[in-house]
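Asker: model this:
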Amino acid sequence: MFEELVAAAEDARGAGAIGAWARVENAACARRLAAAADVLERLIAEAGAVDREQWCIDNWTIAAAEVAAAQGVSLGVASHQLLLADDLRRRLPQVAGVFATGALTYRTVAAVAHRSRLVRDAGALSKLDTELATQLSGWATLSTEKLHTAIDTCVDRYDPAAVRRTEYAARGRHIDIHNPADGSGTATIEGTLVATDADALDARLDAMAAAVCAHDPRTAEQRRSDALGAIGHGADRLACACGRRDCQAAAATPSTVVIHVIAREDSLSDDTPAQLDGHVSYSQEPEPAGPAATDPGYLMGKGLLPAPLLAGKLAATATHQPLIHPGQAGPEPRYRPSATLAWFVRCRDMTCRFPGCDVSATDCDLDHTIAYPAGPTQAANLKCLCRQHHLLKTFAGWRDKQYPDGRVEWTSREGQTYTTHPGSRMLFPQLCRPTAPAVIDHTADTDSDGDASQARTLKMPRRKQTRTQARQQAITDERRHNQTIVDHLLAERNKPPPF
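Answerer: Below is the predicted model:
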């Protein structure tokens with residue numbers, strides 16, 4: 001079937017080729033998700049799988065890690081894909097069959113899985129699966145809102161209490177901060193707040209933006225943006241940027257928040273002309289900017305900071321700490337690295353070193369690649385791992401090998417190999433100069449014997465309830481809420497007429 005789709009796409013031309021290759025893409029996506037479901041099924045069938053369900057790093061997380069590494073995506077993205085793959089395998093096999101033909105998109109099947117997830121009765125779910133598999137191909141041109149309405153109509157026909165209600169929008173409130181890798185040194189914020197909180201924040205930003213003097217060079221929009229940043233630093237007011245000594249609004253509240261920026265020393269004094277505040281209008285097309293005079297800095301876990309922004313906004317008030325490369329220095333005598341060595345490793349790695357993970361190094365554990373005390377405390381044997389991936393390595397069968405230049409070779413439970421490089425390799429390659437190789441101390445006590453390994457397993461954080469139990473409880477709660485709405489609507493509908 002898949003080969004036929006590819007052959008048809010190769011013979012097509014123009015817009016027809018676009019549609020044909022889209023069907024190939026859909027069919028390939030269906031097979032990719034089916035492979036992810038296979039990974040989970042094999043894991044659950046292993047001996048000891050039942051005990052792992054209580055682990056913080058449970059079967060689901062272990063499977064999601066395989067899916068994430070295979071695609072170079074984060075654990076969260078992989079978990080969402082695995083949830084859809086599991087739904088298609090266990091709950092919606094007929095929809096999965098249509099998906100495999102290339103007739104449905106990922107967006108469509110993801111919407112179906114999400115909006116039918118509250119259906120519990122096997123008979124109702126089977127009927128819903130059959131109807132949706134028949135209807136979905138004809139819904140390809142529907143907008144997102146219309147698609148959701150069509151799916152909800154089918155769900156309501158078989159299980160009214162399973163319809164996703166708009167009241168749950170409040171439960172989904174969130175704030176996300178996106179740092180695009182475009183080198184602009186800016187980030188985008190989007191989210192959902194309770195309306196009263198949103199009004200209060202809006203008024204607060206206006207008040208802070210208006211408290212500066214008339215000579216502040218920033219626009220009102222820029223001041224509102226900077227006011228939100230000031231709140232993030234624990235300030236109760238926005239410092240005026242006029243630069244006048246007699247300005248009564250120039251005093252800034254000392255920040256209670258620490259951020260970490262890596263930069264070359266010459267970038268801190270970059271004098272490239274750049275207008276960061278106010279309006280800029282051009283009477284003619286501006287001249288293209290030439291090559292950067294100095295290299296950008298890097299905000300830990302977030303992205304690039306252009307040198308003019310770094311010099312103009314941060315350098316004057318920041319605390320500067322020199323970064324020392326350990327060179328060929330030998331191992332340190334203790335398990336916990338010195339502050340100098342720890343800071344070097346974090347700056348070299350920049351993020352968690354597991355494939356596809358971008359958790360900031362400042363939020364990571366420092367892991368001995370070869371376990372201490374057999375493995376030394378030195379740069380060639382230390383790397384950053386977020387807590388989830390640290391536990392995954394320790395308990396879930398992943399193996400790693402580290403090189404003096406910071407490279408790490410990973411081998412998964414299923415035997416797949418992946419290589420990750422330090423995050424500084426492109427921006428600050430000098431941090432990746434090889435350090436002294438790690439030498440294993442074969443005389444040291446290790447935990448490789450069975451009794452010690454079993455004792456180590458007991459340290460795995462355990463869940464109060466399994467992931468399955470938590471999901472079922474959430475479904476029960478949402479269905480109970482929905483049922484009260486359904487009962488109320490039925491009662492209103494069955495009232496006698498007023499005449």
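
Asker: helices or strands next to the strand or helix carrying Ala15 in the packing?
Answerer: For Ala15, the element it lies in under DSSP states H and E is helix 14-44. Here helix 14-44 touches helix 2-11, helix 59-71, helix 75-90, helix 93-100, going by 3 or more C-beta pairs under 8 Å, 6 or more residues apart in numbering; DSSP states H and E. All C-beta spots, glycine's among them, are computed from the backbone N, C-alpha and C.

Asker: okay, now the domains of this structure?
Answerer: The record's domain parsing of the chain by the TED database lists 1-171, 173-257, 260-276+289-322, 339-449.

Asker: next one: phi and psi at the nearest residue to Gln248 once chain neighbours are set aside?
Answerer: Leaving out its chain neighbours, the residue that sits closest to Gln248 by C-beta to C-beta, 6 or more residues apart in numbering is Cys213, at 7.3 Å. When quoted as degrees, to the nearest 10, the phi and psi of Cys213 stand at phi -80, psi 170.

Asker: export the domains of the chain to JSON lines and tack on mean neighbour count and distance to Arg462?
Answerer: Formatted as JSON lines, those follow (neighbours: other C-beta atoms under 10 Å; distance: least, C-beta to C-beta, whole Å):
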{"stretch": "domain 1-171", "mean neighbour count": "17", "distance to Arg462": "5"}
{"stretch": "domain 173-257", "mean neighbour count": "14", "distance to Arg462": "27"}
{"stretch": "domain 260-276+289-322", "mean neighbour count": "16", "distance to Arg462": "29"}
{"stretch": "domain 339-449", "mean neighbour count": "19", "distance to Arg462": "12"}
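
Asker: can you tell which of the ones you listed is closest to Gln483?
Answerer: domain 1-171 (4.5 Å; C-beta to C-beta).

Asker: what's the offset of the closest one from the middle of its chain?
Answerer: The chain centre lies 20 Å from the centre of domain 1-171; the measure is C-alpha atoms, centre = their mean, to the nearest Å.

Asker: what's the closest of the helices and strands packed on helix 14-44 to Asp363?
Answerer: Closest to Asp363 of the helices and strands packed on helix 14-44, according to C-beta to C-beta: helix 75-90, at 14.0 Å.

Asker: same for the closest one, what does it pack against?
Answerer: Using 3+ C-beta pairs under 8 Å, 6+ apart, helix 75-90 is in contact with helix 14-44, helix 59-71, helix 93-100, helix 106-115.

Asker: switch the cut-off to 6 Å
Answerer: helix 14-44, helix 59-71, helix 106-115 (3 or more C-beta pairs under 6 Å, 6 or more residues apart in numbering; DSSP states H and E).

Asker: tilt between that helix and helix 59-71?
Answerer: Orientation check (axes from the mean of the first three to the mean of the last three C-alpha atoms, to 10 degrees): helix 75-90 against helix 59-71 gives 110 degrees.

Asker: related to what we said a few turns ago, contacting residues around the residue nearest to Gln248?
Answerer: Counting by C-beta atoms under 6 Å, 6 or more residues apart in numbering, Cys213 makes contact with 240, 242, 247, 249.

Asker: and these, which two are furthest apart?
Answerer: Farthest pair in those (C-beta to C-beta) is Cys242 and Ala249. Separation: 8.1 Å.

Asker: looking at the helices and strands packed on helix 75-90, which is nearest to Pro337?
Answerer: Among those, helix 59-71 comes nearest to Pro337, with 26.0 Å by C-beta to C-beta.

Asker: other residues contacting stretch 121-134?
Answerer: Stretch 121-134 is contacted from outside by 92, 94-95, 98, 112, 119, 154, 158-159, using C-beta under 6 Å, 6+ apart.

Asker: what is the nearest of these to Ile485?
Answerer: In terms of C-beta to C-beta, no member of the contacts of stretch 121-134 lies closer to Ile485 than Asp159, at 13.5 Å.

Asker: hmm, the closest one is touching Leu118, no?
Answerer: No - Asp159 is beyond contact range of Leu118, at 7.5 Å (criterion: C-beta atoms under 6 Å).

Asker: sketch out the low-pLDDT regions of the chain for me.
Answerer: Along the chain, the parts satisfying pLDDT under 70 run over 166-172, 180-184, 252-259, 264-295, 301-302, 305-318, 445-458, 498-499.

Asker: contact partners for Asn482?
Answerer: Residues counted as contacts of Asn482 (C-beta under 6 Å, 6+ apart) are 161, 165.

Asker: ok so it is a helix residue?
Answerer: Yes - Asn482 forms part of a helix when assessed by DSSP: H, G, I helix; E, B strand; the rest coil.

Asker: for Asp159, see how far away it is.
Answerer: Distance, Asn482 to Asp159, using C-beta to C-beta, to the nearest Å: 10 Å.

Asker: help me confirm that Leu40 comes into contact with Ala63.
Answerer: Yes - in this structure Leu40 lies within contact range of Ala63 using C-beta under 6 Å: 4.3 Å.
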